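Enquirer: what shape does this take:
(chains A and B)
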2 protein chains.
Amino acid sequence: MDNKKFPKVVIIGGGFGGIEVAKKLKDKEVDVLLLDRNNYHTFQPLLYQVATGTLEADSIAFPLRKMFKGQKNFKFRIADVTAIHPENKTLSTNIGDISYDYLVLATGATTNFFGNKQTEHFAMGMKNVREALNIRSYCLQNIEQALLAKTKEERLAHLNFVVVGAGPTGVELSGAIAELRNHILGKDYPELDTREMNVYLVEGLDKVLANLSPKASEKAALYLEELKVQIRLKTQVTGYDGNVITFADGSSIASKTVIWSAGVKGQFPEGIDPTVIVKGNRIQTDEFNRVKGLDAVFAIGDVAAVITDDTPRGHPGVAPVAQQQGRALAANLLRFMNGEAPEPFKYFDKGSMATIGRNKAVVDIGKIRFQGFFAWWVWMFVHLMSLIGFRNRLVTFINWLLSYVTFNGGIRLIIRPYQRTPLDETDQTK
Amino acid sequence: MDNKKFPKVVIIGGGFGGIEVAKKLKDKEVDVLLLDRNNYHTFQPLLYQVATGTLEADSIAFPLRKMFKGQKNFKFRIADVTAIHPENKTLSTNIGDISYDYLVLATGATTNFFGNKQTEHFAMGMKNVREALNIRSYCLQNIEQALLAKTKEERLAHLNFVVVGAGPTGVELSGAIAELRNHILGKDYPELDTREMNVYLVEGLDKVLANLSPKASEKAALYLEELKVQIRLKTQVTGYDGNVITFADGSSIASKTVIWSAGVKGQFPEGIDPTVIVKGNRIQTDEFNRVKGLDAVFAIGDVAAVITDDTPRGHPGVAPVAQQQGRALAANLLRFMNGEAPEPFKYFDKGSMATIGRNKAVVDIGKIRFQGFFAWWVWMFVHLMSLIGFRNRLVTFINWLLSYVTFNGGIRLIIRPYQRTPLDETDQTK
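Expert: Residues are numbered from 1 along each chain as shown, chains lettered A, B, ... in the order given. From the prediction side, this is the model:
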C-alpha cells in the first residue's frame, strides 16, 4: 500500500471536492489514496428525493471504486479517520495508521444544531443516504401511526411535518412533502384526511432562499404557498423534545417529525490547530487551499474557508465551490511537487437554483434570473446531467417521468423502520 | 375499523397468497383487512439479485397500499400478529386486538436451520429484503476486509463464500456471486486476486435442483461448474461459528460469509393446535385450505399443507401454489358465506426454472424440458412479467440490459454496514 516511488496524496472524503482532486491526478506521477466512511459518493442535492421516495438511493449514490476503475494510481479504502498528525505526516484511522506526503481534507459538513443536544437527538438531519432513508421510513411510519391514533390530538402530532431552515434543501424538501400529501398519500391512505396533514417550513430570517435573489425568494414563497406549505419566517427554534417543537415567540407545534436543514458545520478529524478554525467550524486556508500554518495539509469544499481580502468569510458551502477547489488544488499539488508557483483559487459562480414541486423552480445565473416552468426544466436538466453514470441518469429520468405522468410515482417502502432512542441512549441512527 | 355490515376477512401476510385473496375479494360484499409486518409485498424469487446488487430493493418490493389503491373494501395495517384466538375469533397484535369473521393465514415460511442455534445466528438467511441487503453489504464488507488482511489465511476466510442448499435459490445465488467475481469485482478491486475468491455450493442430496428433472439438475451443475462454483454434494453441514463451517465428513471451510438456503419452515402466530402442525412446521388443512379442526381459519401458501390422498405431503412451497390457493380460497370464502358447497383446491403445476449466470437457465414445464440460452430468455421474460408495476418492470429491464451489455452493472453500495453481534446478544439483524 505504501509505494514510495511517487508522492502519496491522501484525500479524506469522497464528496464533490475529494473526487475532483482524485480525478485530476489521473495518470500523474503521484499515488492517490482516497478514504471515506462509505464506499460511495453521494449526490447530496437530490437527497430530498430519496427522503420523499421519488428516487431510490442507488440513483444518487455511486460506488467510489466503480467511479475510479482503471485509474492506475488510485486506491480506495473505507476508513474513519480519527486524527491527523501533521508533525509526522500520518493519520490515525480505524483501519490502522496511514502516512501521507500531501493530505487533502475534503471531509465536508454535517448538520449544525447550534449546540442544542436535545434537538440534535430528536430532529432528523438529511446529510447522507442513511438519514434520507430514515426520514422516508419515519414519515411513512407516522402516517401509519396516525391511522391508529385514539385522539385527534395524537393524530395531528403524527401528521404535522416541520422542516426547519428555508435554504434550498428545506424549500425543496417541504415542497416535496406537500406534493406527496396533495397528490399521492390520499390514494395510498383512503382513511386519511390529508387536510389534517400540515407541512411547516420554519425559517429564522425574513425570507426563504435568503442566498438567492429577492425575486427568487419571493417566487419560491409563492410557489410554496400554492402547495399549502405553511411558512413561518423570523421564527427561531428554541427546542424540540420529540413531541413538541417550540419557538422563541412562545408558540409551538406538536409534531413527531422535525427535519433540520437550518445549518451545517464543518467536520474533520482531531489534530487541527484550534486557532485556524473559523465560523461554521470551517478550517481556514490560504488561496491555495493550504491549511493555515501547515505546508502539506489542504482543505477544500464545505470544510474549508478560503479567506482572502475578496472572500473574508470564505465561499458558500455548495457543490460547485468544492468541485472547483478540488480541480484547482489538484493542479496546485502538481505545481508544489514540481517546485512551481501555485495559482490562487478563483470561484466562478455558476448560479443557484431550487425547485418547488412539479412544474416550478427558481433560477439565478448571475444577472439572469427566471422562475416558473422553464426554470423547472432547467433545474431538471442540470440535475440529471450532474448525476454520475448513464444508468443513474436513465433510471432517474424514468422515475421523474412516471411520477410526473401518473401523479403516483415513488417508492414508499419502509425497509428499515426508524426507531427513535430515548435521549440518554447512544444514538445509533446516523 | 370494525364495519360489521359485511363479513370481515382478515388476511395475515401480504405474500403471493395473501394478495391474491384480497384481490379476488374486490367489489365483493366483504370487508378485507390485510396485515403484514412490512408495508410492501416482496417478489422473493429475485431477492438474490438484490443480494448481489443487480437490482435495488424497490424493483422487487411493492407497497401494499399502492397495490390496492381504489379497492374500497380493503384496509391495510402494518402489524405483527402474536396470537390467534379461534374461540372468540380475535387476534392479538402489536397494534391492539383485532376481530375477524374469517381468518386467512398466509404467513409464509422462514429459513429453517433445523435447530442449530449457532448456525442460525451466524449464517445469513435470504427470505426478505432486509436480509438480502444485509448479504449485499456483508459480501462487500468482506472483500474490503480481504484487502486489509495481514495474512493469507485471514484473507481467504474473507474471500470464501459458502451457499448452503442447492435449490433454485442456492443455485441462482451462488451463480450470481460467481459472476460478480468472474466479471465485475476485478474492475472494482484491482488489488484483489479474484482467483483467491471461492464460491461454494453445499448440498446434502446427491444433485443440485433435486426437485427439477434429472436433465435440469445435470445441466445446472454443468453451468455452475463453468462459472467455477465449487459444488459439494452429499455434504451435511454440522455447524458454523462465524469463522469456519464444518461438515459431517470432517472437512471444513474457513469462511466469514455463509448464506443458508437449505430449507424453510412455516411461520405463524401462537394459538394453532400443535396436533395440526406437520412436517416443515406447516399447518395441515383440508382441500378447501381450512385449518383442520377450525371452521373459520384458513391457511394458504408456504405455511399450509393441503393434505389429501393425492397430496399426502402437501404442495411444494412455491409462488404459484400460494397464488392458486389464494384465488381458490377467495372463491370458497364467498361460497361459504353464501351457504354454497366449496370446491376443492387443485394445483396446476406450471413448471419450474432456475437461471445460472448470464445466458444460461434450466426450465421444466411438464414434459417439456429445455436448458441453455433460450431457457434463459424464458426465465427473464417470466420473471419480468411477474413483477408488479410498469415502473418496476422497466427499471428491472434497464438494469438487466445494462448489466448484460457492460459486464459492470449493479449497485455495490454499502448503505447500512452489516454488523454481526456475538452469539449471546439479541440478534437485531432480521
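
Enquirer: so A:Leu294 is in which element?
Expert: Secondary structure here is read from DSSP states H and E; on that basis A:Leu294 sits in neither a helix nor a strand.

Enquirer: equivalent analysis for A:Thr246, please.
Expert: strand A:244-247.

Enquirer: name the residues that touch that strand?
Expert: Under the contact criterion C-beta atoms under 8 Å, 6 or more residues apart in numbering or on different chains, strand A:244-247 has outside partners A:162, A:164, A:202, A:232, A:235-240, A:252-255, A:258. Bear in mind the C-beta positions are built from the backbone N, C-alpha and C, glycine included.

Enquirer: among these, which two are most distant?
Expert: Set against one another by C-beta to C-beta, the contacts of strand A:244-247 have their most distant pair in A:Gln236 and A:Ala254, with a gap of 18.4 Å.

Enquirer: name the nearest residue to A:Ala149, sequence neighbours excluded.
Expert: Spatial nearest neighbour of A:Ala149, chain neighbours left out: A:Arg155 (3.8 Å); criterion: C-beta to C-beta, 6 or more residues apart in numbering or on different chains.

Enquirer: the closest residue to A:Ser252 other than its chain neighbours: neighbouring residues, count only.
Expert: Excluding its sequence neighbours, the residue lying closest to A:Ser252 (C-beta to C-beta, 6+ apart) is A:Thr246, at 4.5 Å. Burial of A:Thr246 is recorded as 16 neighbouring residues (other C-beta atoms under 10 Å in any protein chain shown).

Enquirer: picking up where we left off before, got the CA coordinates for the strand holding A:Thr246 in PDB?
Expert: The C-alpha coordinates for strand A:244-247 follow below in PDB (Å, rounded to 0.1, in the frame of the first residue of the first chain):
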ATOM      1  CA  VAL A 244     -43.300  19.500  20.500                       C
ATOM      2  CA  ILE A 245     -41.100  22.000  18.700                       C
ATOM      3  CA  THR A 246     -41.000  25.400  20.500                       C
ATOM      4  CA  PHE A 247     -40.200  28.800  19.100                       C
END
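
Enquirer: so how far is that strand from its chain's centroid?
Expert: Centre-to-centre, strand A:244-247 and its host chain are 24 Å apart (C-alpha atoms, centre = their mean, to the nearest Å).

Enquirer: buried residues in that strand?
Expert: A:245-247 (16 or more other C-beta atoms under 10 Å in any protein chain shown).

Enquirer: can you give the contact residues for the next helix-or-strand element following it?
Expert: Using DSSP H and E, the helix or strand that directly follows strand A:244-247 along the chain is strand A:252-254. Contact partners of strand A:252-254, identified using C-beta under 8 Å, 6+ apart, comprise A:153, A:156-157, A:160, A:162, A:200, A:243-246.

Enquirer: could those be laid out in JSON lines, adding pLDDT?
Expert: Listed next are the contacts of strand A:252-254 as JSON lines, based on pLDDT from 0 to 100:
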{"residue": "A:Glu153", "pLDDT": "97"}
{"residue": "A:Leu156", "pLDDT": "97"}
{"residue": "A:Ala157", "pLDDT": "97"}
{"residue": "A:Asn160", "pLDDT": "98"}
{"residue": "A:Val162", "pLDDT": "98"}
{"residue": "A:Tyr200", "pLDDT": "98"}
{"residue": "A:Asn243", "pLDDT": "97"}
{"residue": "A:Val244", "pLDDT": "98"}
{"residue": "A:Ile245", "pLDDT": "98"}
{"residue": "A:Thr246", "pLDDT": "98"}
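
Enquirer: which residues are in contact with stretch A:70-83?
Expert: For stretch A:70-83, the surrounding residues in contact (C-beta under 8 Å, 6+ apart) are A:1, A:6, A:12, A:14, A:22-23, A:25-28, A:30-39, A:64-65, A:68, A:91-95, A:98, A:107, A:269-271, B:144, B:147-148, B:187, B:190-191, B:414.

Enquirer: now a PyMOL select for only the buried ones of those.
Expert: For the buried members of the contacts of stretch A:70-83, the matching PyMOL selection, counting by 16+ other C-beta under 10 Å, is:
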select buried, (chain A and resi 12+14+22+23+25+28+30+31+32+33+34+35+36+37+38+39+64+65+68+91+92+93+98+107+269+271) or (chain B and resi 144+147+414)
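
Enquirer: separation between the closest residue in space to A:Ser386 that isn't next to it in sequence and A:Ala57?
Expert: Beyond its immediate neighbours in the sequence, the residue positioned closest to A:Ser386 (C-beta to C-beta, 6+ apart) is A:Phe43, lying 6.9 Å away. With distances defined as C-beta to C-beta, to the nearest Å, the gap from A:Phe43 to A:Ala57 amounts to 10 Å.

Enquirer: repeat for A:Gln230
Expert: In this view, A:Gln230 and A:Ala57 are 29 Å apart by C-beta to C-beta.

Enquirer: what about the two, which has more around it?
Expert: A:Ala57 (22 against 16).

Enquirer: the more buried one: what's it in contact with?
Expert: Listed by C-beta under 8 Å, 6+ apart, the contact partners of A:Ala57 are A:50, A:129, A:132-133, B:56, B:413, B:415.

Enquirer: pLDDT, secondary structure and neighbour count added to those, as a markdown table?
Expert: Putting these into a markdown table (pLDDT from 0 to 100; DSSP: H, G, I helix; E, B strand; the rest coil; neighbours: other C-beta atoms under 10 Å in any protein chain shown) gives the following:
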| residue | pLDDT | secondary structure | neighbour count |
| --- | --- | --- | --- |
| A:Val50 | 96 | helix | 26 |
| A:Val129 | 97 | helix | 23 |
| A:Ala132 | 97 | helix | 28 |
| A:Leu133 | 97 | helix | 23 |
| B:Glu56 | 92 | coil | 23 |
| B:Leu413 | 94 | coil | 25 |
| B:Ile415 | 94 | coil | 20 |
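
Enquirer: understood, closing this out.
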